[in-house]
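# Got a predicted structure plus its sequence, pasted below:
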Amino acid sequence: MAFENLTQRLQGVFKNFRGKKKITENDVLEITKEIRVALLEADVALPVVKKFIRNIRARAIGVEVSEALQPAQQVIKIVDEELTAILGGGEVALGKSPKIPTIIMMAGLQGAGKTTFAGKLAKRLKDTENARPLMIAADVYRPAAIEQLKTVGKQVDVPVYDEGTDVNPVEIVRHGLALASEKRHDYVLIDTAGRLEIDEKLMDELIQIKAVAEPTEILLVVDAMTGQVAADVAKKFNETLDISGVIITKLDGDTRGGAALSIREITGKPIKFVGTGEKLTDLEVFYPDRMSSRILGMGDMLTLIEKAQGQFDEAQSAKMAEKMRENSFDFNDFIEQLDQVQSMGPLDEIMKMIPGMSEIPGAANIKVDEKDIARKRAMVLSMTPAERENPEILSPSRRRRIAAGSGNTFIEVNKLIKQFNESKKMMSGIMNGDMSAMLGGMGGGKMPNMPAGMPDMSALGDMGGAGMPDMSAMFGGGLKGKVGKMAMNAAMKRAQKKLKKGKKKK
Ligand SMILES: Nc1nc2c(ncn2[C@@H]2O[C@H](COP(=O)(O)OP(=O)(O)OP(=O)(O)O)[C@@H](O)[C@H]2O)c(=O)[nH]1
């Protein structure tokens with residue numbers, strides 16, 4: 001994931017100041033010096049770094065000692081706010097023309113991910129607005145480009161207008177637009193040619209296409225992996241084309257992330273979407289505040305909640321939460337929830353979004369063993385509905401048969417049932433208000449140090465127990481790697497201990 005090093009560096013910086021009663025001017029200088037190094041290492045453009053540091057210093061020196069926040073937390077809050085500002089402040093929606101079609105022109109260097117983005121955007125417009133987009137293939141220099149756009153078009157079921165490679169792209173765009181008007185398409189996405197580097201001919205052609213198409217949006221697609229180059233490219237394209245927004249692709253990769261941090265400041269144009277994978281669903285609206293908390297390692301709570309809300313049926317979630325509270329959550333529910341959680345995305349990605357996760361030693365290396373989860377699912381599916389409801393009725397011979405039927409061993413079946421019962425107990429405790437058990441467990445007691453205003457873990461409870469609380473059941477044996485397992489076990493043990501203590505008090 002992008003920003004990993006930057007996040008680690010920044011967390012390291014703040015750790016040293018945690019719990020301090022007072023932060024002196026010297027402390028601020030120290031902190032900002034370290035932040036400066038971290039940003040430069042992440043490939044953020046120097047002028048952007050300078051401005052950022054200047055702003056933080058101006059605000060952090062002489063911070064008022066607030067009742068609610070420790071000084072270090074106040075500094076983190078300032079850094080978070082300034083980071084959000086540098087990323088653009090708030091999200092900027094895609095423009096829409098008052099009369100159809102809305103024309104969106106895409107530009108960028110070769111291989112930046114233009115064509116892929118065109119497909120992602122077409123899909124998104126279809127899914128969210130029921131739109132009927134038309135895509136125009138105006139990249140005539142790379143014959144494969146037209147084929148690629150057509151393939152993407154087929155995947156998302158969106159027509160592609162092309163005239164092969166022998167016609168002037170400006171004419172292709174003109175004809176494509178005429179067709180779009182005739183067929184009353186509400187969006188037109190123009191895929192233009194990329195070059196290995198910026199050249200005059202490419203720019204001239206783009207200027208001409210812009211003049212003909214009069215697009216509502218000119219979106220520059222840049223590859224996050226190219227670091228400083230991406231910022232330079234954006235600057236040049238903006239000077240020539242006056243773009244309306246930027247798309248940053250490949251933010252899923254192992255990039256240092258500097259481009260994402262520099263581009264807004266350098267071009268003055270908003271980042272509208274980020275690409276987070278090769279699949280056509282891997283597109284996210286860019287929210288500066290969420291990106292900032294992700295970079296600061298506070299966990300992308302909001303993205304997680306949004307994802308969850310998008311995927312979970314509320315009534316269904318409330319029912320599950322109730323079941324957990326009553327301790328009547330069974331294997332049938334387990335399978336249902338597993339399906340829902342997995343539809344949110346790969347589990348290790350979801351785990352990483354949980355705040356505090358990055359503070360558990362070795363958590364970054366946690367790999368969710370999807371195979372192990374598949375094995376568990378197979379075991380559960382081999383049970384009858386009545387057995388899923390009450391696994392205690394499973395006789396040894398039935399357990400043996402389930403093991404054989406799902407390609408597991410007798411011991412594994414027993415282990416699954418035992419694990420399930422244990423986590424069920426714990427979850428019921430948590431759902432009955434003892435979130436501290438979970439909090440203490442997950443963050444090693446560090447969670448309460450989060451700055452005010454950060455949504456706390458109880459938000460998970462608000463999700464109606466939507467899938468998260470029972471994750472331990474899956475992760476119990478599903479975490480790959482010794483470190484991951486140890487971290488998780490320790491966290492769970494701590495949580496259980498707290499639970500017991502809480503009970504005794506009552
Ligand atoms: N990991 C990852 N890969 C991406 C993303 N977006 C695009 N890619 C990959 O990047 C490569 C280039 O993407 P294209 O869409 O072909 O790039 P293009 O800008 O259209 O390239 P030209 O047609 O040559 O100008 C492809 O292999 C894509 O699968 C992303 O968000 N994440």
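Yep, that arrived. Values in this document were obtained by computation on a predicted structure and should not be read as measured data.

# Contacts only, for residue 121.
With contact taken as C-beta atoms under 8 Å, 6 or more residues apart in numbering, residue 121 is in contact with 104, 189, 273, 283. (Glycine included, C-beta is placed from N, CA and C.)

# nope, residue 246 is what I was after
Contacts of residue 246 (C-beta under 8 Å, 6+ apart): 219, 220, 221, 222, 234, 263, 264, 267, 269, 270, 271, 272.

# try residue 39
Residue 39 neighbours (C-beta under 8 Å, 6+ apart): 6, 48, 49, 52, 258, 261.

# if I read this right, the third one contacts residue 33, doesn't it?
In this case it means residue 49. No - contact criterion C-beta atoms under 8 Å: residue 49 and residue 33 do not qualify, at 11.4 Å.

# Mind checking which of those two has more residues around it?
In this view residue 49 and residue 33 are compared by other C-beta atoms under 10 Å, and residue 49 has more residues nearby, 22 against 12.

# what sits against that one?
Applying C-beta under 8 Å, 6+ apart to residue 49 gives the contacts 36, 39, 40.

# Next: residue 94.
With C-beta under 8 Å, 6+ apart, residue 94 has these contacts: 104, 217, 245, 272.

# Quick check: the closest residue to the first one other than its chain neighbours vs residue 97, distance?
The shortest distance from residue 104 to any residue that is not its chain neighbour, by C-beta to C-beta, 6 or more residues apart in numbering, is 4.4 Å, and that residue is residue 217. When C-beta to C-beta, to the nearest Å is the yardstick, residue 217 and residue 97 sit 9 Å from each other.

# Please work out how many residues are found near the nearest residue to residue 223 once chain neighbours are set aside.
Nearest-residue entry for residue 223: residue 112, 4.6 Å, with adjacent residues in sequence omitted and distances by C-beta to C-beta, 6+ apart. When neighbours are counted by other C-beta under 10 Å, residue 112 registers 26.

# Name the SS class of residue 112, please.
Assigned by DSSP: H, G, I helix; E, B strand; the rest coil, the conformation of residue 112 is coil.

# again with residue 135
strand.

# Would you enumerate the residues in contact with it?
118, 122, 149, 152-153, 158-161, 188-191.

# Recalculate using a threshold of 7 Å.
For residue 135, the contact set (C-beta atoms under 7 Å, 6 or more residues apart in numbering) comprises 118, 122, 149, 153, 158, 160, 189, 191.

# Doesn't the fifth one lie inside a strand?
Spelled out, it's residue 158. No - under the criterion used here (three-state DSSP), residue 158 is coil, not part of a strand.

# give the contact list for it.
So residue 158 contacts 122, 126, 133, 135 (C-beta under 7 Å, 6+ apart).

# now, which of those residues sits nearest the ligand?
Nearest to the ligand out of the contacts of residue 158 is residue 135 (C-beta to the nearest ligand atom; 11.8 Å).

# what's across from the closest one in the sheet?
residue 160, residue 189 (DSSP bridges).

# show me the contacts for residue 219.
By C-beta under 7 Å, 6+ apart, residue 219 lies in contact with 104, 106, 243, 244, 245, 247, 272.
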